[in-house]
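1. any chance you can model this:
(one chain, ligands or ions: 1)
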Amino acid sequence: MINIAIIGAGLSGLTAANMLKDRFSITLFDKSRGVGGRLATRRSHPYNFDHGAQFFSPKTDDFKAFIAPMIQAGVIEPWEARFAEIDGRKVTQQWQWDTQKPHYVGVPGMNAIGKYLAKGLEVKLNTPVKSIKQIGENWHLDDEHGNALGAFDWVISTIPPKQAAQLVPANDPVQQILEATSMSGCFSVMLGFETPLPLAFDAALVVNENISWISANQTKPGRENSYSLLVHSTNKWADAHLDDDREDALKYLCEHASEIVGHDLSKAVHKSIHGWRFANIEKQSGPSHFCDAQRKIALCGDYFIQGRMEAAFTSGKQVAQTVLSAASQGNTNA
Ligand SMILES: Cc1cc2nc3c(=O)[nH]c(=O)nc-3n(C[C@H](O)[C@H](O)[C@H](O)COP(=O)(O)OP(=O)(O)OC[C@H]3O[C@@H](n4cnc5c(N)ncnc54)[C@H](O)[C@@H]3O)c2cc1C
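-> Below you'll find the predicted structure:
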């Protein structure tokens with residue numbers, strides 16, 4: 001049986017793996033402790049924070065069909081948030097999200113989606129892939145200590161382009177594709193309170209500030225009740241400050257968010273910060289994925305399309321279709 005290594009168990013890698021698993025032997029590798037990538041949830045009892053993706057509104061029938069079994073299983077539910085837009089430190093628009101145009105979240109955390117999709121798959125966690133080399137007909141993967149992770153017929157990389165570029169030699173033809181795109185960062189500030197804040201919204205899009213998003217995570221369905229406020233910086237501010245001292249970034253973003261919401265957030269009893277170096281990417285106009293069927297290497301991920309969950313799904317699905325047809329034809333063209 002043809003064996004395929006998929007690097008990265010985020011939404012795109014898990015989507016591709018599920019489409020390929022019946023025909024091929026699939027092994028996923030992820031450097032993290034859990035699956036899901038940027039569909040991430042951090043727990044610090046009694047607080048819970050989805051510190052990566054917040055919610056999604058499916059657009060295509062394909063994506064709606066993909067999430068339908070997860071809605072059925074209670075892994076995805078609509079978030080009926082009181083939503084606000086904030087500009088100039090004032091709420092400029094406000095409405096209630098409802099089931100007419102659902103805004104979905106994973107339950108009890110965004111990471112539940114990755115866990116559901118990984119069921120029955122072979123996933124090697126805590127396993128950063130450091131290099132991939134083609135020797136003869138096979139792709140050989142090594143970890144950071146130079147230990148062999150196995151030899152595979154095909155390799156599919158789903159990791160952000162800058163990270164993928166480090167896996168292959170500088171003169172490899174895929175470098176051209178990987179160098180053509182760059183992603184921006186984001187800080188997630190996580191604040192837990194003993195008593196709820198009297199905010200007029202559950203989720204707010206903030207414009208014209210160094211903060212882009214503020215939400216009360218416990219208002220999402222299936223969460224524990226402890227008041228858990230999540231703040232995202234803008235991509236621009238993160239890109240300029242990712243190498244700053246994290247305590248300084250936390251202090252600044254906390255003070256800045258306090259000014260926006262009109263409450264002193266420094267009173268939080270839990271405060272932490274996560275810096276995403278590769279959080280997001282603007283809408284792209286090129287292909288949804290890359291596949292070199294002769295060399296049996298493929299690339300996918302949200303970065304081909306846009307920094308959105310639906311884009312990660314689409315890229316993962318389309319790379320799987322291309323690999324499926326190339327591998328089935330004995331590989332010459334894709
Ligand atoms: C702060 C933030 C907010 C967001 N908000 C939203 C939102 O509200 N709505 C929305 O639709 N989207 C949102 N997104 C974007 C969404 O999360 C992504 O589009 C989607 O999750 C990307 O999936 P992916 O599979 O392409 O990549 P990833 O989820 O990044 O998966 C890549 C995986 O590769 C692993 N990896 C990396 N390097 C290696 C290596 N060398 N070896 C092994 N494994 C490796 C990583 O651990 C990761 O699990 C947000 C993202 C962030 C960061």
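2. buried residues, stretch 130-141. List them.
-> 130, 132, 138-141 (16 or more other CB atoms under 10 Å). (Each C-beta comes from the backbone N, C-alpha and C, glycine too.)
3. do a quick rundown of the helices in this protein.
-> In the chain, the segments counted as helices under DSSP state H are 11-20, 61-72, 111-118, 161-165, 174-179, 235-241, 246-261, 309-328.
4. R42: which of these is closest?
-> When the helices of the chain are compared by CB to CB, helix 111-118 sits nearest R42, at 8.9 Å.
5. all strands of the stretch 1-150 of the chain, in order?
-> According to DSSP state E, counting those that start in this stretch, the stretch 1-150 of the chain carries its strands in the segments 3-7, 25-29, 42-44, 47-49, 76-78, 82-87, 90-96, 104-106, 123-124, 129-135, 138-143, 148-152.
6. okay, those in TSV with mean pLDDT and distance to A293 next?
-> Putting those into TSV (pLDDT from 0 to 100; distance: least, CB to CB, whole Å) gives the following:
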stretch	mean pLDDT	distance to A293
strand 3-7	98	13
strand 25-29	98	18
strand 42-44	96	40
strand 47-49	97	42
strand 76-78	98	34
strand 82-87	98	45
strand 90-96	95	48
strand 104-106	98	34
strand 123-124	98	25
strand 129-135	96	13
strand 138-143	97	14
strand 148-152	98	15
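7. for the buried residues of stretch 130-141, which one is nearest V207?
-> The shortest approach to V207 among the buried residues of stretch 130-141 belongs to K130, at 40.4 Å (CB to CB).
8. doesn't N147 make contact with that closest one?
-> No - with contact defined as CB atoms under 8 Å, K130 does not reach N147; the gap is 9.2 Å.
9. can you tell me which two in the buried residues of stretch 130-141 are farthest apart?
-> K130 and N138 (17.2 Å).
10. distance of the spatially most central residue of the chain relative to F49?
-> With distances taken as CA atoms, centre = their mean, the residue of the chain nearest its centroid is R38 (2.5 Å). Between R38 and F49 the computed distance is 13 Å (CB to CB, to the nearest Å).
11. one more: N138?
-> Applying CB to CB, the value for N138 to F49 is 42 Å.
12. ok, T92 next?
-> Using CB to CB, one obtains 26 Å as the distance from T92 to F49.
13. give me the more crowded residue out of these two.
-> Neighbours per residue, other CB atoms under 10 Å: of T92 and F49, the larger number sits with F49, 27 against 11.
14. which residues does the closest residue in space to that one that isn't next to it in sequence contact?
-> Leaving aside its sequence neighbours, F49 sits nearest to M190 (CB to CB, 6 or more residues apart in numbering; 4.3 Å). Contacts for M190 (CB atoms under 8 Å, 6 or more residues apart in numbering) come out as 42, 44, 47, 49, 51, 228-230, 270-274.
15. kindly report the residues of this structure close to the ligand.
-> 7-13, 29-32, 37-39, 52-56, 128-129, 158-159, 163, 186, 188, 232, 276, 279-280, 301-302, 307-309, 311-312 (CB under 6 Å from any ligand atom).
16. if we use 5 Å, what do you get?
-> Contacts of the chain with the ligand, taken as CB under 5 Å from any ligand atom, map to 8, 10-12, 29-32, 37-38, 52-54, 56, 128-129, 159, 163, 186, 276, 279, 301-302, 307-309, 312.
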